[in-house]
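Student: quick one: sequence and predicted model below, then my questions.
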Amino acid sequence: MSARSSLVCVLSLSLWAGCRSDGLTTTAPVVDSGSPVVAADMSLGPTGTCSHNSCVTGIALISGCDPCVTAICAKDTNCCGRNWNATCVEEVSSICGVSCGGDGFDAGTPIDAALPSTDDGNPMRLACSPNFGSGLTAAHGRLDGYLVTILPPKGGYQCNGDSQHVHLQVMMMGAVYDIAVNVQDDNGGDVYFLAKNMMMPDGAWAEGWHAGYGLGYASLGVKSTDFTAMDIGPLSTEVENELATVNHISVYGTGYNANGAHLIHYEGGTNDGAIVIEPQDSPSRLLMFHFVEDMF
């Protein structure tokens, strides 16, 4: 299966952050022990290996991506475990001694803040399975089921895993199906990513394979320029973090055979692929992907 396709098994990932702003006053941030932390250069763009600015609300950040973020996560685990909320932004000042100015800033960030889980239920995680169901068709559609396994990209093909995809395993009607999600393109390049809170297209979540359910990024009002290019490591971590507590899941894609689906990315027309988190909520949360050559 080419990297232009997307394998589906299940993976485990995490997230990032940072903060910087022109004209910000900075002092040496201090951690609990009182030892000084070198302040990251401040701007409205991400710093270090963080996925977004620490002065901006959004997805959880990864401890270690920036000295200030590391200090905050040591005191407030929610900031690196759930999402980087307004409290985390305030802690940039109270813990790191850095003023973000104003009331924070979240306009123009490529990833919406994660939705709080409501009635999704407790997730069930299983060891990856090499055995798959046979209920999919070689058509575009939507798989509604339960996320049971997340496999990060790695060498070898255990449970259909490989080095260019995050494989999700989704249980539907008692059987497990493989979902291959590209986190690297055919040339080893970046994949472009967007997480957006919006209404899920088509009907409500209903366990099963719904062949013929279409999805078009353009019809959702998103453009290729809304996405952010991400290397395989950061993107895998981003996806894992997004899916960490997911139970119900919907996946738009194309069946590669009866066992699983791929092309979980932009394909054009109404054949685009996406992962839907909180599919029973309004809004839901869509994870979308495209390659460098895709323009829409």
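Tutor: Structure received. None of the values given here were measured: they were computed from a predicted structure.

Student: for this protein, which segments count as helices?
Tutor: In the chain, the segments counted as helices under DSSP state H are 67-75, 78-81, 86-94, 232-243.

Student: can you put the ones you listed in TSV and add mean neighbour count and distance to G133?
Tutor: The C-beta positions use only the backbone N, C-alpha and C, and glycine is treated the same way. Compiled in TSV, the helices of the chain are given as follows (neighbours: other CB atoms under 10 Å; distance: least, CB to CB, whole Å):
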stretch	mean neighbour count	distance to G133
helix 67-75	23	39
helix 78-81	19	32
helix 86-94	18	41
helix 232-243	23	20
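
Student: mean pLDDT and distance to Y157 for those helices - can I get that in TSV?
Tutor: Output for the helices of the chain, formatted as TSV (pLDDT from 0 to 100; distance: least, CB to CB, whole Å):
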stretch	mean pLDDT	distance to Y157
helix 67-75	90	35
helix 78-81	84	31
helix 86-94	83	39
helix 232-243	96	17
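
Student: out of those, nearest to G141?
Tutor: Of all these, helix 232-243 sits nearest to G141, with 20.3 Å by CB to CB.

Student: return the closest one as CSV; C-alpha atoms alone will do.
Tutor: Extracted C-alpha coordinates of helix 232-243, given in CSV (Å, rounded to 0.1, in the frame of the first residue of the first chain):
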residue,chain,number,x,y,z
ILE,A,232,6.1,11.9,10.9
GLY,A,233,7.2,12.1,14.5
PRO,A,234,5.2,15.1,15.6
LEU,A,235,2.2,14.2,13.5
SER,A,236,2.1,10.6,15.0
THR,A,237,2.3,12.1,18.5
GLU,A,238,-0.5,14.6,17.6
VAL,A,239,-2.8,11.9,16.4
GLU,A,240,-2.1,9.7,19.4
ASN,A,241,-2.9,12.5,21.7
GLU,A,242,-6.1,13.3,19.9
LEU,A,243,-7.2,9.6,20.1
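
Student: thought G64 was touching T70?
Tutor: Yes: under the contact definition of CB atoms under 8 Å, G64 touches T70, with a separation of 5.6 Å.
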